[in-house]
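> sharing a model that was predicted from the sequence below.
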Amino acid sequence: SYKHIAEAIGQPKAVRAVGGANNRNPVPLIVPCHRIIGAGGALVGYGGGLDAKTYLLALERQKEGGGAS
């Protein structure tokens, strides 16, 4: 989640800034913003749409040997 990233960089109150920076990420395949999930564990907003986000996550699971679901 954005909160987790903000905490990891030592700025626990920077949740909105992390979200904004992630939204403007010009190279999402190098820094994969599709991996961000909501604080409650749900799939939430993605510039490419939730269908694309779901596809990318499933593709990663396949490549890791976890199979797609």
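Ah, there it is.
> which parts of the protein are helices?
For the chain, applying DSSP state H gives helices covering 2-8, 15-23, 50-63.
> starting at the chain centroid, how far to the last one?
Taking Cα atoms, centre = their mean, to the nearest Å, one finds helix 50-63 lying 11 Å from the centre of the chain it belongs to.
> got the buried residues for that helix?
Counting neighbours by 16 or more other Cβ atoms under 10 Å, one finds that the buried residues in helix 50-63 are K53, L56, L57. For the C-beta atoms, the positions are set from N, CA and C on the backbone; glycine is no exception.
> right, and V44 touches T54 too?
No: assessed by Cβ atoms under 8 Å, V44 is found out of contact with T54, at 11.8 Å.
> which residues of the protein score low on pLDDT?
Scanning the chain with the threshold set as pLDDT under 70 gives 27-34, 65-69.
> separation between the residue positioned nearest the centre of the chain and N25?
The chain has I36 as the residue nearest its centroid, 2.1 Å off, counting by Cα atoms, centre = their mean. Noted for I36: a distance of 10 Å to N25, by Cβ to Cβ, to the nearest Å.
> just L50 next, same as before
17 Å.
> and what of K3?
For K3, the distance to N25 - Cβ to Cβ - is 18 Å.
> what's near enough to touch the residue nearest to I5 when sequence neighbours are not counted?
Nearest in space to I5, with sequence neighbours left out and distances taken as Cβ to Cβ, 6 or more residues apart in numbering, is V18 at 4.9 Å. By Cβ atoms under 8 Å, 6 or more residues apart in numbering, V18 lies in contact with Y2, I5, A6, I9, Q11.
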